[in-house]
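> Any chance you could fold what I've pasted below:
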Amino acid sequence: MPHAVSMPSTGLQALILCGPGSSFPTFTSNPDESPKALLPIANRPMVWYALDFCYRTGITATAAISTALNTNPHLTALPLPRPDILSPADLDQNTGTAEILRLPEIRSIITGDFVILPCDLVCELGGDKLLQSWMVKSASLTDMLGTARLSNGHRSVHSGALGVWYNTKATAPVKKEETDFIATTPLPSSPMTPPRGSLFSSLSKLVYSMPTDSLKDLTEDKNSLPVRHGLLRAHSRVRMFTTHRDAHIYIFPRWVLDFVMDNDRFESIAEDVVGWWAKAGWQSGLAEKLHLEKTCGQGRVEETPEDEEGSSSPRDHSPNNMPSLGNPVFADDTSASTTPRIAVGDGSSSKKTPKSFEVPPIVAYVHPGDASAPIIRRVDTAQLLLTISLQLAKLPSLEETGGESTSPYVHARKIAYPEGVKPRTTITQKDSLIAENVTVEEKTSIKETVIGAGSQINEGAKLSQCLLMEGVVVGRACKLTRCIIGKRAVIGDGSVLTDCEVQENLLVEARTEDKDNRLMSSEGLEATQAEMDEVLQDMEDEAELAVID
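Model (predicted):
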């Protein structure tokens, strides 16, 4: 169960976006029964981790996900406040992430600043640290209070965003994992010492973002990486990353909903919303084309003449509530003498006017890649599902540590139902995880494996680096290595499978040998429950006869 809310409400809302699971064809062929969001990661539903992240942060989560999630016991037992399960009328499996923000059902429930999360996120890092980073480095007091009267000091007039990126090659690298190309520039240093445990040293300003696949296409066409002169003029120090990935954790101000509405060609949050917004901070004329100034000003309380007469704000007597030349507004917490302004125009300083618009920044948290760093990972392929499940299985249980743990994802016990394990078995508990109501017969060997609830491991089976979902039956003398077995699948006696994926409810015939394959049934040929019960009964009869003999 996710942690109960133990800290004050942040005032933010969260949207957890649950996709169709097209990258899991073996296990989500029937999304109504087995949606991606309920695929198990270390014996917990995938969406559980995103919800737990919200609860640990003190955020009330609003999830745009299938109503099928109402049937899962892990989610029906969530502590209050429970998430709202939304399924907008126009939401389908091909709806882009940015298009979701245009749906009226979504716009009606988002009343302030909000957080976007994917359902496939595993994040040990506390969201409170990300929230602190956003409020200090990117949020605007004037936007948070909804008024144009306050000067906000040297900060941007409008709130910006915060995103998270992590290094895919740091720990447990996976072949062909999706990555993004990002470019960042340093944030101006603060004269104040950052608080202990803060993320400020890993923060920077995002100036470019695109998927690495798109970057490869671009460089192949141009035979080089084209870089605009405007980027180098605006930022003398630019750092580029090619092995990092967007975690799809975003803290957005409310005006982003209007930004997406005003740019109806935006389909993806990562590629379109974040990508174009990052470039608008330095590319001449782009902010105007994207209607950023108009969008940022929507929903704000404007000054009245009476307010202006009695106000001593640096914005007094400035047209359109913009700062005057004598009191410029900067994007960061530094003085005007040391920090250049980010002005979107034709690039000529001689043409700057008091009306120059400060593009709100996107602050990038680039997660450090050392082994001791908290886990942040997207789990959106079968290989990642296996890798991260096995990584979490290595966490010491509360039983082993005496109730103390540094990770929010530990389990109470490595073997939840010890009574189901027969003598003369070999189970490496330090890197394995066995759920409730699992029966393990004699002479079995289980190493670095996660086994779901209600599974049955018969005599002589050998499992190594495998992930078994709930209700799986492994026959006698089977040998499974680096396999992912779907719910209620039956592996026939004597089968040898290596690097295979087995679809849910599939009956694998006895003595099957296969490698590097997806075992799936053809449409209309899936095993019925009666057929599976018959096979299980035959296996039990054979086991009884063997005992009698």
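
> Name the residues of the lengthiest strand in the chain that are buried.
Ranked by residue count under DSSP state E, the longest strand found in the chain is strand 239-252. Neighbour-count burial for strand 239-252, counted by 16 or more other C-beta atoms under 10 Å, picks out Phe241, Thr243, His244, Arg245, Asp246, Ala247, His248, Ile249, Tyr250, Ile251, Phe252. C-beta coordinates here come from the backbone N, C-alpha and C atoms, glycine included.

> Also stretch 209-224?
For stretch 209-224, by 16+ other C-beta under 10 Å, it's Ser209, Met210, Pro211, Thr212, Leu215.

> now stretch 490-505
490-497, 500-505.

> Could you do stretch 285-300 as well?
Neighbour count says stretch 285-300 has Leu286, Ala287, Leu290, Leu292, Glu293, Thr295, Cys296, Gly297, Arg300 buried, by 16+ other C-beta under 10 Å.

> Check stretch 265-283 too.
266, 269-283.

> Which member of the buried residues of stretch 209-224 is positioned nearest Arg237?
If you rank the buried residues of stretch 209-224 by distance to Arg237 using C-beta to C-beta, Ser209 comes first, at 17.4 Å.

> Show me where the stretch 251-400 of the chain dips below the pLDDT cut-off.
Counting by pLDDT under 70, the stretch 251-400 of the chain shows low-confidence ranges at 298-355.

> what's the answer for the chain, then?
Short version for the chain, where the test is pLDDT under 70: 1-9, 32, 60-81, 141-156, 298-355, 523-531, 543, 545-549.

> Okay, and the beta partners of the closest residue to Thr26 other than its chain neighbours?
Distance criterion C-beta to C-beta, 6 or more residues apart in numbering; nearest residue to Thr26, sequence neighbours excluded, is Glu501 at 4.3 Å. Residues in a beta bridge with Glu501, per DSSP bridges, are Ile484, Arg518.

> wait, isn't Glu501 in contact with Leu385?
No - using C-beta atoms under 8 Å, Glu501 is not in contact with Leu385; the gap is 9.6 Å.

> Overlap in contacts, the two.
Ile484 (C-beta atoms under 8 Å, 6 or more residues apart in numbering).

> now Ser356: how far from Glu288?
11 Å (C-beta to C-beta, to the nearest Å).

> ok, now Ser214?
Ser214 is 25 Å from Glu288, by C-beta to C-beta.

> just Val115 next, same as before
29 Å.

> same deal with Asp431?
On the measure of C-beta to C-beta, Asp431 and Glu288 end up 56 Å apart.

> List the residues that contact the residue positioned nearest the centre of the chain.
Centroid-nearest residue in the chain, with C-alpha atoms, centre = their mean: Leu121, separated by 3.4 Å. By C-beta under 8 Å, 6+ apart, Leu121 lies in contact with Tyr49, Ala50, Phe53, Ala247, His248, Ile249, Ile376, Arg377, Arg378, Val379.

> One more pass at 6 Å, please.
Neighbouring residues of Leu121 by C-beta atoms under 6 Å, 6 or more residues apart in numbering: Ala50.

> Also Ala435?
Asn43, Ala416, Gly452, Ala453.
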